[in-house]
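**Student:** After the sequence you'll find the predicted model.
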Amino acid sequence: MAEQLVSVEHVLEKYIPAEELQEVWSVLYGRKLRCLELPGCAVDSASQHGFELKGYMFDAASEQLRKPRAIRIGLIQNKIQLPTTSPVAEQVNAIHRRIAEIVEVAAMCDVNIVCFQEAWTMPFAFCTRERLPWTEFAESAENGVTTKFCQELAKKYNIVIVSPILERDESHGETLWNTAVIISNTGAVLGKSRKNHIPRIGDFNESTYYMEGNTGHKVFQTAYGKIAVNICYGRHHPLNWLMYSMNGAEIIFNPSATVGELSESLWPIEARNAAIANHCFTCAINRVGTEHFENEFTSGDGKKAHHDFGYFYGSSYIAAPDGSRTPGLSRVHDGLLIAELDLNLCRQTSDKWNFKMTGRHEMYADELAQAVRPDFQPNIIRE
Ligand SMILES: NC(=O)NCCC(=O)O
């Protein structure tokens, strides 16, 4: 089998002549971002623990009345640590240990907010449709072992943590949800945001496991800025991004689990477009690796029964309101992507492009209200 491409950026850097590379970066990525100088101890630790570490800076123009609002965010992408047949508690513990190593490096780099990938404590077993053992990975958002683990890290490092888990909601008949828990830098659980849109495509048999979210489009005021979480498949829905932005999100995280054949060509477009359209920063995070399941499964799409989803292609990246973006993390390795953002760029870009002012939302609201009615007739004029 041919070796997997590590990243598109590697190929560009290898083959584009140096004198043209800068312009190619600008055309493809908006502008060439400055690299962050990261402390030697962080670089050493990332290399010792075998994960990629990259850092970039999105600056903004200086203003007379507002100070820069520079904060650092970190996105973590990773493989599962143990085979999917290992005992559940061992799998969870092993992933906790891995994430603790990476968060420690984030803290060395003065990261203020860190976000993990979708359903980060478990293999993405929702392809299988089997209940046990996968539903055993579900935990309380308020006091499950993973939330407690994150609370300790948050307090230790004074860091906000976005922790997307499979949630078991004991107050509502043990209902399962796909939920991001937001843990404040004080260690308190600030709240939770559930996945609104559930995929019904290919092997993504997720509706077998959990329900469409009922938490709307919450925005969380953290010590470092206003954040929201649009989980995975929600990135295909422009109105989902829009509503987080309407509630004032300055950064929208998009923790995901998606595979090459299905979505890799959409990946660089969707979160980046959302950053542009909504005058905010967006953060696309995807897991890496291929996860093997003991029992074969099919998905009613004519494909022969198989044991895995295919490869999760990583490529996590951050996009800014002005359309610029970081290079992606690798398609194959665990990694930590750090960016320093000046949040003033959100309003500066909004004042320049005026998408919020020119949005005509009242017109869409009226037309959408009609379009969802059972007696709706499309507005088509015919001769
Ligand atoms: N986890 C998830 O929603 N995946 C769906 C596939 C995709 O949106 O690319």
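**Tutor:** Great, that's in hand.
**Student:** Next, the buried residues of stretch 273-293.
**Tutor:** For stretch 273-293, a neighbour-count test (16 or more other C-beta atoms under 10 Å) marks 273-291, 293 as buried. (Glycine included, C-beta is placed from N, CA and C.)
**Student:** ignore the last one, stretch 346-355
**Tutor:** 346-350, 353.
**Student:** ok, residues contacting it?
**Tutor:** Applying C-beta atoms under 8 Å, 6 or more residues apart in numbering, the contact partners of stretch 346-355 are 60-61, 63, 250, 277-281, 320-322, 356.
**Student:** Tell me which two in these are the farthest apart.
**Tutor:** Using C-beta to C-beta, the two most remote members of the contacts of stretch 346-355 are Glu63 and Ala277, lying 23.4 Å apart.
**Student:** Turn the contacts of stretch 346-355 into CSV, including secondary structure, pLDDT and distance to the ligand.
**Tutor:** Output for the contacts of stretch 346-355, formatted as CSV (DSSP: H, G, I helix; E, B strand; the rest coil; pLDDT from 0 to 100; distance: C-beta to the nearest ligand atom, whole Å):
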residue, secondary structure, pLDDT, distance to the ligand
Ala60, coil, 98, 31
Ala61, coil, 98, 35
Glu63, coil, 98, 37
Glu250, coil, 98, 24
Ala277, helix, 98, 18
Asn278, helix, 98, 19
His279, coil, 98, 24
Cys280, coil, 98, 20
Phe281, strand, 98, 20
Ala320, coil, 98, 22
Pro321, coil, 98, 23
Asp322, coil, 97, 26
Lys356, coil, 92, 26
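**Student:** residues from this structure in reach of the ligand?
**Tutor:** Within the chain, the positions near the ligand by C-beta under 6 Å from any ligand atom are 118, 199, 204, 232-233, 256-258, 262-263.
**Student:** and if we set it to 5 Å?
**Tutor:** 199, 204, 232-233, 257-258, 263 (C-beta under 5 Å from any ligand atom).
**Student:** out of the residues you listed, which are inside helices?
**Tutor:** Among the residues of the chain next to the ligand, the ones falling in helices (DSSP state H) are Ser263.
**Student:** Could you look up the SS state of the closest residue to Ile338 other than its chain neighbours?
**Tutor:** In this structure, Ile338 finds its nearest non-sequential neighbour in Gly55, 4.0 Å apart by C-beta to C-beta, 6 or more residues apart in numbering. State at Gly55, reduced to three classes by DSSP: H, G, I helix; E, B strand; the rest coil: strand.
**Student:** wait, which of the buried residues of stretch 346-355 is closest to His361?
**Tutor:** Of all the buried residues of stretch 346-355, His361 sits closest to Ser350, with 14.3 Å by C-beta to C-beta.
**Student:** Could you check how far the closest one is from Gln221?
**Tutor:** Remark: distance between Ser350 and Gln221 (C-beta to C-beta, to the nearest Å) = 19 Å.
**Student:** can you check Phe297 too?
**Tutor:** 42 Å.
**Student:** Repeat that for Ile183.
**Tutor:** 14 Å.
**Student:** cool, and Glu152?
**Tutor:** 23 Å.
**Student:** No more questions from me, cheers.
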